[in-house]
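Enquirer: The sequence and its predicted three-dimensional model are supplied below.
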Amino acid sequence: QLQLVESGGGLVEPGGSLRLSCAASGFSLDNYAIGWFRQAPGKEREGVSCISSSGGIRNLADSVKGRFTISRDNAKNTVYLQMNNLKPEDTAVYSCAADGTSNPYCAKDPYEYDYWGQGTQVTVSS
């Protein structure tokens, strides 16, 4: 069974850091672009960052530029989202998604992604 599982979410104070992980089981992430998306209560889902199968990175949200970094470790079949200097407005459920594309660039549109994890809650509050 193809599955993505996110972990690493939690409660953190403003200015703190978290590292989210997106681990795949049942398939190899080597040939997949991976995107991180988030959705806050009452808001639409928002793209955060994505990384192509060849390692090309796109920042999908200006609000996280310089604070969030996506990376992948194909040996561990895992993609990470390092989040630094977190702000209350970063509070959301964060989900990863896999896109089995041969395109060298990862997609911004969530509808391009084939597989989704269940999400992990990130809460930034003092």
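Expert: Structure received.
Enquirer: now the strands for this structure?
Expert: For the chain, the strands defined by DSSP state E cover 3-7, 10-12, 18-25, 33-39, 46-51, 57-59, 68-73, 78-83, 92-99, 115-116, 120-124.
Enquirer: partners of the shortest one in the sheet?
Expert: Applying DSSP bridges, strand 115-116 is found paired with strand 92-99 (antiparallel).
Enquirer: The second one now?
Expert: Strands adjacent to strand 10-12 in the sheet, as given by DSSP bridges, are strand 120-124 (parallel).
Enquirer: Could you tell me how many residues sit around Ala98?
Expert: Using other CB atoms under 10 Å, Ala98 has 23 other residues around it. (C-beta placed from N, C-alpha, C; glycine too.)
Enquirer: what does the one 4 residues further on give?
Expert: By the criterion of other CB under 10 Å, Ser102 has 9 neighbours.
Enquirer: circling back: mean pLDDT for the strands of the chain: which is lowest?
Expert: Mean pLDDT is lowest for strand 57-59 among the strands of the chain, at a mean of 92.
Enquirer: In that strand, which residues are buried?
Expert: Applying a neighbour-count criterion of 16 or more other CB atoms under 10 Å, one finds 58-59 buried in strand 57-59.
Enquirer: Tell me which residue is most central in this protein.
Expert: Trp36 (2.3 Å; CA atoms, centre = their mean).
Enquirer: That residue is in contact with Cys96, isn't it?
Expert: Yes - counting by CB atoms under 8 Å, Trp36 does reach Cys96; the two are 5.5 Å apart.
Enquirer: Could you name every residue contacting both of those two?
Expert: Jointly contacting Trp36 and Cys96 under the rule CB atoms under 8 Å, 6 or more residues apart in numbering are 20, 22, 79, 81.
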